[in-house]
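K.L.:
quick one, structure for this:
(one chain, ligands or ions: 2)
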Amino acid sequence: MKVQAAEFVISAVKPQQYPEDALPEIALAGRSNVGKSSLINRLIQRKNLARTSSQPGKTQTLNYYRINNAMYFVDLPGYGFARVSMETRQQWGRMIELYLTEREPLRAVLHLVDLRHPPSKDDLVMREWLAHYGIPVCVIATKADKVARSKRDSHIRTIREAFQIKQDEKFIVFSAEDGMGKEEVWNWIEDHLKNIVKL
Ligand SMILES: Nc1nc2c(ncn2[C@@H]2O[C@H](COP(=O)(O)OP(=O)(O)OP(=O)(O)O)[C@@H](O)[C@H]2O)c(=O)[nH]1
Ligand SMILES: [Mg+2]
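P.N.:
Ligands and ions are numbered 1, 2, ... in the order given. Presented below is the predicted three-dimensional model:
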């Protein structure tokens, strides 16, 4: 996948602000700080187009990035961030739920989990939720560079089991730091946009 153009379009807080050009959308879901924005940057080879932060809870809006004038990445607010009020959390929850259930151009979700840890309760809730609504999902285990090579297989097994990932379902081990898994992610995305757009 050759990224010729990548641009930030809008930080949306309500559906009226979502783009109206009907290009297909690939959304990124995952707990706060898991590496959603970093994955976008790595995929498009731009250092900081999607804003990243070591402070969890940075992305509090739906951030749209248009790629090659052919598709959008939609960076969703991270869940499971403890240091915000219950009201704010419920607000984000509603916004994400509305987006995932009602958004017509949504084609697939990249569900990110941290390879270093077993999935959290919030990760499992999101997992069930995506399955319930029948949205095509690619599970991506991030921060692989932070797990010793010798330990990766057992961490991968833990996630596969907790998420009950089926044989034919995509599971990609990824690192925004060194680019591991990047091509695999692009291939999966292209497969899911095939027959829809020419990337
Ligand atoms: N070593 C390493 N660090 C990573 C990787 N991915 C992300 N990080 C770091 O983890 C922190 C959080 O990354 P973000 O991409 O901002 O995470 P996010 O999921 O967008 O977080 P929110 O916007 O809060 O939901 C940053 O300090 C990143 O540099 C990775 O693959 N390897
Ligand atoms: Mg972010």
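K.L.:
hmm, the strand or helix carrying Y64 in reach of ligand 2?
P.N.:
In the assignment (DSSP states H and E), Y64 maps to strand 62-67. No: residues of strand 62-67 are not located near ligand 2 by Cβ under 5 Å from the ion, the shortest gap being 7.7 Å. C-beta coordinates here come from the backbone N, C-alpha and C atoms, glycine included.
K.L.:
average model confidence for that strand?
P.N.:
Mean per-residue pLDDT for strand 62-67: 95.
K.L.:
state the next helix or strand along the chain beyond it.
P.N.:
Scanning forward in sequence from strand 62-67, with DSSP H and E defining helices and strands, the next element found is strand 71-75.
K.L.:
now for that following strand, which elements pack on it?
P.N.:
Applying 3 or more Cβ pairs under 8 Å, 6 or more residues apart in numbering; DSSP states H and E, we find strand 71-75 packed against strand 25-30, helix 36-44, strand 62-67.
K.L.:
quick one, it and strand 62-67 angle?
P.N.:
Angle of strand 71-75 versus strand 62-67, following axes from the mean of the first three to the mean of the last three Cα atoms, to 10 degrees, is 150 degrees.
K.L.:
what pairs with strand 71-75, parallel or antiparallel?
P.N.:
strand 25-30 (parallel), strand 62-67 (antiparallel) (DSSP bridges).
K.L.:
winner for burial among the ones you listed?
P.N.:
Burial of the strands paired with strand 71-75 is given as mean neighbour count (mean count of other Cβ atoms under 10 Å); strand 25-30 ranks first at a mean of 24.
K.L.:
so the lowest-mean-pLDDT helix or strand in the chain, near ligand 1 or not?
P.N.:
Across the helices and strands of the chain, mean confidence by mean pLDDT, DSSP states H and E is lowest for helix 86-102: a mean of 83. No: judged by Cβ under 6 Å from any ligand atom, helix 86-102 and ligand 1 are separated, with a smallest distance of 10.1 Å.
K.L.:
thanks a lot, see you next time.
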